[in-house]
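Student: The sequence and its predicted three-dimensional model are supplied below.
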Amino acid sequence: MDNLEMAAVRSQWQPNGLQAAPHCPSARQEERHSDHTDMVTADVGYLRRSDFKMSSNETIGLLVIVLILLIYGTPLIWVLTSGRSHGGAKFGWFLVTVFFSWLGLAAFLISTQAPED
């Protein structure tokens, strides 16, 4: 497809970029530019690499979610990987840490004995 045909196809895209031109040859065709990752044609229109950048609010939100999961998940992983209990007792301590998180981990560490090496 030459530049004139591509300009005609681009001119028929809707302003919101949600509907493709009826004579578009392929909904997932890559355009050949000097930078092959610059622009691809997809079902929703022309997508540029800059369309996928996160704003600072999204980045902060993602970091907060990861931090919360890390803080909440640490006791769970600690109990599951510990050698202090086995079988049903380990599952019981896992449930305690699910509901009481760090308090459950403290109770687990106090009430169980460390395995002898």
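Tutor: Ah, there it is.
Student: Quick check: mean pLDDT of the lengthiest helix in the chain?
Tutor: In the chain, ranked by residue count with DSSP state H as the criterion, the top helix is helix 56-81. Averaging pLDDT along helix 56-81 gives 95.
Student: Check which element follows it along the chain.
Tutor: helix 88-111 (DSSP states H and E).
Student: Can you name every helix or strand that that following helix contacts?
Tutor: Applying 3 or more C-beta pairs under 8 Å, 6 or more residues apart in numbering; DSSP states H and E, one finds that helix 88-111 contacts helix 56-81. No exception for glycine: its C-beta is placed from N, CA and C like everyone else's.
Student: List the buried residues in the longest helix of the chain.
Tutor: For helix 56-81, the buried set under the neighbour-count rule, 16 or more other C-beta atoms under 10 Å, comprises 75, 79.
Student: Who are the contact partners of Leu109?
Tutor: Leu109 makes contacts with Arg84, as judged by C-beta atoms under 8 Å, 6 or more residues apart in numbering.
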